Every structure is written in structure tokens, then in C-alpha cells.
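>>> Build me a model from this:
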Amino acid sequence: MKLGEPTLDQLRIFIAVAEHGSFGGAAKAMGRAVSAVSYGIAQIEAQLGLSLFDREGSRRPVLTAAGEGLLAEARGIADGVDALLAKARSLHAGQEPSLTLVVDVMVPGEVTARVLGDFRRMFPTCALTLRIEGLGAVAACVIEGGADLAIGGPVIGDHPALEKQAVGELDLVPVAAPTHPLARAGIAPGESRRHLQLVLTDRSPLTEGREFSVLSPLTWRLGDLGAKHSLLKEGLGWGNMPRAMVADDLASGALVELDLPEKPGAHYRLSALWRRDTRLGPAASWLVDAFREGLGG
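The predicted structure is shown next:
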């Protein structure tokens, strides 16, 4: 048996009748005459060679087994067409079809998750790629064309290829396990240089040869902030961490904030970064504002 090809309109009528439970309800929802809905169902059943609704013995149409089996497919097709049309309208309006965002590892995960949750609702047709990097690698992604927008720290300063807009700042605090020798009161100047410092390393060449709040000649270089956090709690060294990331540890006593004479903590300024030869679209501009609000900038 050769099957026909139902039209999108017929599929929408099928879905409407199934969802509203009657031809009359579907007609009202679609702004159609009941006769047009009835005709549409007859046409799609003829095209498919199947009865989609059982109309006998009931005043309300009931899905047949075949109808139940095909309803999900019909919804998938209709949803796919709706998504295509939404993306086309967004493109006409200048919205980016896709966006690659790089976020500094220092940014609290809760802030990023909240911003991106709102982003998903605001820009459902924009395909997002998220990367998490540290230090100069954040800016490098944008400079090299691998990302459209970054939320990064101050480590590279001003760069001729980048536009920069401040969005907030984070507190970095020196911490260690409570059993660490630097955790006691009355630490003498220079004492921190005698102990292993855990340092986040930069995977990009942008800051090669530069150090950031490194006091001790004894260092372990770590490419992952989560690993640094774990080693600090194990008492393997001391180091600076974003206050928000270690707030629970400070409250529970798993880590202590160090009172060092050198005051190695810092305000870690965060900026939105993008290439000067590009223009931010609506979705990227929204992200800049959302991160500024989320970071209190």
C-alpha cells in the first residue's frame, strides 16, 4: 500500500484533537470551523491508511493504538518546524544562531549556572558552547577566534585585539588546612616562603614568565582549580582561592583563612572580553549584562 504524505497543517490538527479531546475543542483552539478539523482528520487518516481516533460509542474521539503510536512522531515534526521558524525569525532580527562562551574558572559555578539558566529561557534557539579556562587561557580563546565572548580576570591587562568591559570582582583569600603551620597566629614576615604554595598555572603563552600572588619559591603548579582545592584541604600546601568557593570550608573549619603579613589575597577583577573586530549580537550583549548583575558589578 502506497502511503501519502500528511501536510504540516494536518499534523497540527491531529495533535490539537488529541490534546483537547474533541473536534470542537481543537477547532476553538486553532480558530477553525469544526468541519475543517473533521475534514483534516479524515485526510490524514486517508494519507496514512490508519484510523487515528475511535469515534464509535463515544461522543469524544479516543486515540486508537495507531493514533497513540504516531502522536509522539507528529509532535516531534511540529516541534522541529516550530524551532526552525523560531531560529529563522531570530536570524532576521540579528540574533546569533550559536555562541561560544569562555568563563574564568574563578567565577562561582552558581553564578554561571544561574545566568545560563536565564539565557536558555531568553534565547532558546541560540546553540551555546561553554568552556571553562583559567588565567590567560580565557583571553587566548577569544584572541585566537575560538570563542565569541569571555568572562575573564585581569591577568593579561589591556590587549590590542580585545575590547573589555568590567563586570565585577571576586575576593581571593589565602587558605590552608587547620593543621598547616601557617594556620597559627603570629606568623612572621617571610615565613610563607618556607612552605609549599599551590599555584594555578596558565595554559596559554599570554602570561608566560609572569607570576600572580606567588610568594614562595616552593610551588606546585596545578592546571585545575578543583584539584588545588582538594590538595589544600589535604594540607599539602597553602594558596589563594576565591572566597565563594571555600566559604563552606571556612565555615566548617576544613580550611582556615591565613593571616599573613604579606597579605597575598587580592580583588580579582572580572571583565567581559571580545574581539575589537567583531560586534556583539543580542545574545552576547545580554550575557554581559547578566554576568555583571550576577557578580554584583
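
>>> all helices of the stretch 151-297 of the chain, in order?
Applying DSSP state H, counting those that start in this stretch to the stretch 151-297 of the chain gives helices spanning 225-233, 243-252, 282-294.

>>> List the buried residues in the first one.
Using 16 or more other CB atoms under 10 Å as the burial criterion, the residues of helix 225-233 that qualify are Leu225, Lys228, His229, Leu231, Leu232, Lys233. Every C-beta, even on glycine, is put in place using the N, C-alpha and C of the backbone.

>>> That helix to helix 243-252, inter-axis angle?
If you take axes from the mean of the first three to the mean of the last three CA atoms, to 10 degrees, helix 225-233 sits at 30 degrees to helix 243-252.

>>> Quick one: residues in contact with helix 225-233.
If you take CB atoms under 8 Å, 6 or more residues apart in numbering as the criterion, helix 225-233 is touched by 105-106, 134, 175-177, 198, 200, 220, 222, 237-239, 241, 245-246, 249, 254-255.

>>> for that helix, what is the average pLDDT?
Here helix 225-233 scores 95 as its mean pLDDT.

>>> same deal with stretch 115-129?
Stretch 115-129 comes out at a mean pLDDT of 94.

>>> same thing with stretch 178-198?
For stretch 178-198, mean pLDDT is 93.

>>> Same question for stretch 266-275.
Stretch 266-275 carries an average pLDDT of 92.

>>> Buried residues, that stretch. List them.
Those would be Ala266, Tyr268, Leu270, Ser271, Ala272, Leu273, Trp274, Arg275, for stretch 266-275 by 16+ other CB under 10 Å.

>>> Any regions of the stretch 1-150 of the chain where pLDDT drops low?
Scanning the stretch 1-150 of the chain with the threshold set as pLDDT under 70 gives 57-58, 86-87, 89-93.

>>> switch the cut-off to 80
When residues are selected by pLDDT under 80, those of the stretch 1-150 of the chain lie in 1, 55-59, 83, 85-94.

>>> mind listing the strands for it?
For the stretch 1-150 of the chain, the strands defined by DSSP state E, counting those that start in this stretch cover 53-54, 62-63, 98-104, 127-133, 149-152.

>>> before we move on, the earlier item: just the buried ones among the contacts of helix 225-233, please.
105-106, 134, 175-177, 198, 200, 222, 237-239, 241, 245-246, 249, 255.

>>> For the biggest strand by length in the chain, name the packing helices and strands.
When the chain is parsed with DSSP state E, its longest strand is strand 162-176. Here strand 162-176 touches helix 136-143, strand 239-242, helix 243-252, strand 256-257, strand 266-275, helix 282-294, going by 3 or more CB pairs under 8 Å, 6 or more residues apart in numbering; DSSP states H and E.

>>> Val167: which of the ones you listed is closest?
Ranking those by proximity to Val167 (CB to CB) places helix 282-294 first, at 4.2 Å.

>>> Identify the bridge partners of the residue nearest to Leu280 when sequence neighbours are not counted.
Nearest residue to Leu280, sequence neighbours excluded (CB to CB, 6 or more residues apart in numbering): Trp274, at 6.0 Å. In this entry, Trp274 is beta-bridged to Glu163, by DSSP bridges.

>>> Pull the contacting residues for Trp274.
By CB under 8 Å, 6+ apart, the contact list for Trp274 reads Val142, Asp148, Leu149, Ala150, Leu162, Glu163, Leu280, Ala284.

>>> If we use 7 Å, what do you get?
Shown in contact with Trp274 (CB atoms under 7 Å, 6 or more residues apart in numbering): Val142, Asp148, Leu149, Glu163, Leu280.

>>> How about Glu234?
Ala177.

>>> can you tell me how far it sits from Thr7?
For Glu234, the distance to Thr7 equals 65 Å [CB to CB, to the nearest Å].

>>> and what of Leu215?
Taking CB to CB, one finds Leu215 at 72 Å from Thr7.

>>> Specify which residue of those two has the higher count of neighbours.
The neighbour comparison of Leu215 against Thr7 (other CB atoms under 10 Å) goes to Leu215, with 21 against 13.
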